[in-house]
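# below are the sequence and a predicted model; questions follow.
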Amino acid sequence: MKRVKIRVFRYNPADGADARYDEFEVEAERWTTVLDALLYIKAHKDHSIALRYSCRMASCGSCGMVINGIPRLACYTKVYELGSDVITCRPLTNFPIIRDLATDFTAFFAKHKSMRPYIINDAVDRIDGREFLQKPEEVEKYLQFSYCIKCGLCYAACPTVATDKRFPGPQALAQMYRYLIDSRDMATDERLKVVDDRHGVWRCHFAGSCSMVCPKGVDPALGIQLLRAYLLGMSRDSKVVAELYRREK
Amino acid sequence: MVRESSIMKVHYYTGLAAIVLVAIHILFRLTVPEGYSASLEYENVIANYKNISYTLVLELILVTVAVHGFNGLRVILLELRQGDAWESAVKWLCIAGAVAIIAYGTRTIILASMM
C-alpha cells in the first residue's frame, strides 16, 4: 500500500470561477484503479466532484480522462502502474467541459453518427430467411475496428481535432473504414463522399497518437490510412461482397 | 466541385515529381566538366536556357513546386481556421498565387532563353 496525492481538475462553466486543482491524499493498494481512488474521494472527502463512469471494466468507455498527461480510462489505469506519487486528473482535451472531469460528447457522437455506423444493404430483406456468409478473412478486415467503445480517448489525443473542429476525428474515420470494408455493406460510394471532403480523411497528420491511447487495441491511424489508400484506388479490390445463403430450417 | 482525393492525388504526384526533377536539376549542375562553381557563372547559366530539355525541366519544377506548395499552404490555412468565407478565400488566393508564380517564372524562363 502507498499514499498518493490525487490532483483533480475543478471547473464549472456555470459559476464563472477560474479552473483550479484540488488535492487529495488517498491510500492505494496494488489493485486500486484511478477510478477507485476518485470514487473514494467522492464518497469520503468531496462529494461535489463531477465525473462520468459506469461499468468499471473498460467496456462502456465512460470514464475517459487525461491522467498524468495521457488520455486513459480511469477504470483501466491502476495507480501503481503510473509510477508516481502524484496523479493529476483533468478532463479530456478537445471536448467541451460540462463540469470538473465530465465532458460533453455531443459533437463527438454527431460525427460518429454522420458516418452512418451501420450496415447499409437495401437488396436484402432481413426476414426473407437468408443470411450472409462471411469468410474469416473478410471478418478479419474490420474486426479490430469493431472493438471501438466510443470512449473518446483517440479524439482527445488527436492533434488535428485540436485545430480543425470540422475534422471527424480518428474514431469516426476508423468506424467509416469498418463499415466500408464490411462485405455485407453496399454503400461504398455514399460512404466515400462523406469522408472525401476538405475536412475529411485527408487532414489526418498521421501522428499516431490515437492508436497509442486506445484502451481496446484498435488502431484508428491504420483505419485512416487504409481509407486513404482505398480512396486513392490502391486497394479497391480489397472490398468483396458477401454471399447470401438461405438458412436451413 | 473537385473531390479532395483528386486534389490530394495531384499533391502527392507533384511532390514526387518535384523530388525527381530537382534531383535532375542538381545533377545538371554537378556534372558540368568545369565544376559546380563554374556552372553558376552568368554566361553558363544563360547558356543553359538555350538547352530546350533543361528549360523544360525548369518549367516542370516551377509548375510542380508551385502547385504542391500552394496546395500545402491551402491545407495549413484550412486547419488554422474554419468557415465558408475563409475557406473560399483561401482556395481562390492559393489558386491565384500558384498561377501568378507560374506565370512570372515562365516569363523569366522565356526571357532568359531569348537573351
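Looks like it arrived, so ask away. No experiment lies behind these values; they were computed from the predicted model shown. Numbering: from 1, shown residues only, chains lettered A, B, ... in the order given.
# can you show me the strands along chain B?
With DSSP state E, there are no strands along chain B.
# how about the residues of it that lie near chain A?
Applying C-beta under 8 Å from any C-beta of the partner chain, one finds that chain B approaches chain A through B:3, B:4, B:5, B:8, B:9, B:75, B:78, B:79, B:80, B:82, B:87. To be clear about C-beta, it is placed using only N, CA and C from the backbone, and glycine gets the same treatment.
# enumerate every residue touching the second one.
Yep, that's residue B:4 we're talking about. Counting by C-beta atoms under 8 Å, 6 or more residues apart in numbering or on different chains, residue B:4 makes contact with A:196, A:197, A:198, A:200, A:202.
# cutoff 10 Å now
Counting by C-beta atoms under 10 Å, 6 or more residues apart in numbering or on different chains, residue B:4 touches A:195, A:196, A:197, A:198, A:199, A:200, A:201, A:202, A:203, A:231, B:11, B:75.
# repeat for the third one
For residue B:5, the contacting residues are A:192, A:195, A:196, A:197, A:200, A:201, A:202, A:228, A:230, A:231, A:232, A:233, taking C-beta under 10 Å, 6+ apart as the criterion.
# residue B:103 too?
Here residue B:103 is in contact with B:62, B:66 (criterion: C-beta under 10 Å, 6+ apart).
# before we move on, back to that, among the contacts of residue B:4, name the ones in strands.
Using DSSP E, none of those sit in strands.
# chain A: helices as residue ranges?
Per DSSP state H, chain A carries helices over the ranges A:34-44, A:106-114, A:136-142, A:153-157, A:159-163, A:170-180, A:188-195, A:209-213, A:220-231.
# that older thread, identify the farthest-apart pair in the contacts of residue B:5.
By the measure C-beta to C-beta, A:197 and A:233 form the most distant pair in these, at 17.8 Å.
# out of the contacts of residue B:5, which comes closest to residue A:72?
residue A:201 (26.2 Å).
# okay, now that closest one: neighbour count?
Using other C-beta atoms under 10 Å in any protein chain shown, residue A:201 has 26 neighbouring residues.
# so for the spatially most central residue of chain B, what's the pLDDT?
Among the residues of chain B, the one closest to the centroid is residue B:62, at 2.4 Å (C-alpha atoms, centre = their mean). Reported pLDDT at residue B:62 in the predicted model: 98.
# residue A:125 too?
So residue A:125 comes in at 67 (pLDDT).
# residue A:67 now?
Reported pLDDT for residue A:67: 98.
# swap in residue A:189?
Residue A:189 carries a pLDDT score of 92 in this model.
# residue A:226 versus that one, what's the distance?
Here the distance between residue A:189 and residue A:226 works out to 17 Å (C-beta to C-beta, to the nearest Å).
# neighbour count for these two, which is higher?
More crowded of residue A:189 and residue A:226, by other C-beta under 10 Å: residue A:226, with 21 against 7.
# generate a ChimeraX selection restricted to the buried subset of the contacts of residue B:5.
The following ChimeraX line selects those of these that are buried, judged by 16 or more other C-beta atoms under 10 Å in any protein chain shown:
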select /A:192,195,196,197,200,201,202,228,230,231
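# intersect the contacts of residue B:5 with the contacts of chain B.
By C-beta under 10 Å from any C-beta of the partner chain, the members of those lying near chain B are A:192, A:195, A:196, A:197, A:200, A:201, A:202, A:228, A:230, A:231, A:232, A:233.
# tabulate those in CSV, adding columns for pLDDT and distance to residue A:132.
Converted to CSV, the ones next to chain B among the contacts of residue B:5 look like this (pLDDT from 0 to 100; distance: C-beta to C-beta, whole Å):
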residue, pLDDT, distance to residue A:132
A:192, 94, 22
A:195, 95, 24
A:196, 95, 27
A:197, 92, 30
A:200, 96, 29
A:201, 97, 27
A:202, 96, 32
A:228, 95, 27
A:230, 94, 21
A:231, 94, 25
A:232, 92, 28
A:233, 89, 26
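# closest to residue A:67 among the residues you listed?
Closest to residue A:67, out of all of the ones next to chain B among the contacts of residue B:5 and judged by C-beta to C-beta, is residue A:201, at 29.5 Å.
# from memory that closest one sits against residue A:193, does it?
No - the pair residue A:201 / residue A:193 is not scored as a contact, 11.6 Å apart, by C-beta atoms under 10 Å.
# where does pLDDT dip in chain B?
Regions of chain B meeting the criterion pLDDT under 70 are absent.
# in chain B, what residue spans correspond to helices?
Applying DSSP H to chain B gives helices spanning B:4-30, B:36-39, B:42-48, B:52-80, B:84-113.
# nearest to residue A:95, out of these?
Nearest to residue A:95 among those is helix B:52-80; the distance by C-beta to C-beta comes to 18.9 Å.
# chain A against chain B: which residues are in contact?
Residues of chain A lying near chain B (C-beta under 10 Å from any C-beta): A:159-160, A:162-167, A:192-193, A:195-203, A:205, A:228, A:230-233.
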